[in-house]
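Colleague: Dropping a prediction and its sequence here:
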Amino acid sequence: GMRGVVSLAAAFAIPHEVPERDRAMLLFLTFTTVIGTLLIQGTTFPALIRRLRVSGEQEQYEDRLAEAAAQQAALEEGLAELDRLLAELGEPDEIQKQVIDQLREKSWRRSLSAWERLGGGTGQGGAETPSTLYRRLRREMLQAERRVFVRLRDERRLEDELLRELMAQLDFEEAILER
């Protein structure tokens with residue numbers, strides 16, 4: 001790559017006082033050497049890596065483990081902060097209890113998904129993990145909701161502008177699921 005560019009630059013920098021035949025030969029040899037090494041290394045390097053069994057799987061596992069541990073620590077701190085805020089709030093009513101439950105569940109789900117990634121997205125015995133199951137089922141629900149919106153638009157019970165807004169909301173949620 002870079003060494004080839006430097007070699008070609010050096011060959012093109014040969015002064016014009018050098019006989020044209022020698023200069024052309026040096027340029028040709030430099031060019032063929034650069035192309036040859038790129039082709040030989042480019043075609044044999046992947047096979048060499050496979051043969052040596054070099055992989056970054058261990059580093060990826062360590063990164064996922066560090067992420068899961070960080071998510072767990074953040075979860076614990078976030079839940080402690082929520083408990084502190086609730087102590088200031090006093091006795092919550094039913095709607096506040098539902099909001100609090102949703103906050104706890106969302107925090108747990110995010111932490112759980114980081115731990116699940118350590119297993120490659122499958123649970124025990126190859127079954128779907130809870131977050132994989134959640135994403136799959138929610139996608140199906142979103143498709144059903146889309147069909148209802150389109151049907152209501154076709155029945156002229158929903159304006160096109162409103163349909164676009166509702167579809168954009170569903171698209172946004174689906175994009176979040178893909179992440």
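Modeller: The structure has been received and is ready for your questions. Numbers count the residues shown, from 1 in each chain.

Colleague: Okay, now the unreliable bits of the protein?
Modeller: Residues of the chain meeting the criterion pLDDT under 70: 1, 54-58, 119-126.

Colleague: quick one, domains of it?
Modeller: Structural domains assigned to the chain are 4-52, 61-119, 127-178, following the TED database.

Colleague: Using CSV, lay out those together with mean neighbour count.
Modeller: In this view, the C-beta of every residue, glycine as well, is placed from N, C-alpha and C. Output for the domains of the chain, formatted as CSV (neighbours: other Cβ atoms under 10 Å):
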stretch, mean neighbour count
domain 4-52, 11
domain 61-119, 13
domain 127-178, 13
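
Colleague: Thr33 and Gly78: what is the separation?
Modeller: 59 Å (Cβ to Cβ, to the nearest Å).

Colleague: can you tell me the helix or strand for the closest residue to Ile14 other than its chain neighbours?
Modeller: Distances taken as Cβ to Cβ, 6 or more residues apart in numbering place Arg23 nearest to Ile14, at 5.4 Å, with adjacent residues excluded. Arg23 belongs to helix 20-52 when assigned by DSSP states H and E.

Colleague: Downstream of that helix, the next helix or strand is which one?
Modeller: Next along from helix 20-52, by DSSP H and E: helix 57-89.

Colleague: Send over whichever helix or strand comes after that following helix as CSV, restricted to the C-alpha atoms.
Modeller: Next helix or strand after helix 57-89 toward the C-terminus (DSSP H and E): helix 94-117. Provided in CSV are the C-alpha atoms of helix 94-117 (Å, rounded to 0.1, in the frame of the first residue of the first chain):
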residue,chain,number,x,y,z
GLU,A,94,-51.3,3.7,40.0
ILE,A,95,-50.1,5.5,36.9
GLN,A,96,-46.8,6.4,38.6
LYS,A,97,-46.4,2.8,39.6
GLN,A,98,-46.8,1.7,36.0
VAL,A,99,-44.3,4.3,34.8
ILE,A,100,-41.8,3.1,37.5
ASP,A,101,-42.4,-0.5,36.5
GLN,A,102,-41.7,0.4,32.9
LEU,A,103,-38.5,2.2,33.8
ARG,A,104,-37.3,-0.8,35.8
GLU,A,105,-38.2,-3.3,33.1
LYS,A,106,-36.4,-1.2,30.4
SER,A,107,-33.3,-1.0,32.5
TRP,A,108,-33.3,-4.7,33.2
ARG,A,109,-33.9,-5.5,29.5
ARG,A,110,-30.9,-3.4,28.4
SER,A,111,-28.7,-5.1,30.9
LEU,A,112,-30.0,-8.5,30.1
SER,A,113,-29.4,-8.1,26.4
ALA,A,114,-25.7,-7.3,27.0
TRP,A,115,-25.4,-10.5,29.0
GLU,A,116,-27.3,-12.4,26.2
ARG,A,117,-24.8,-11.2,23.6
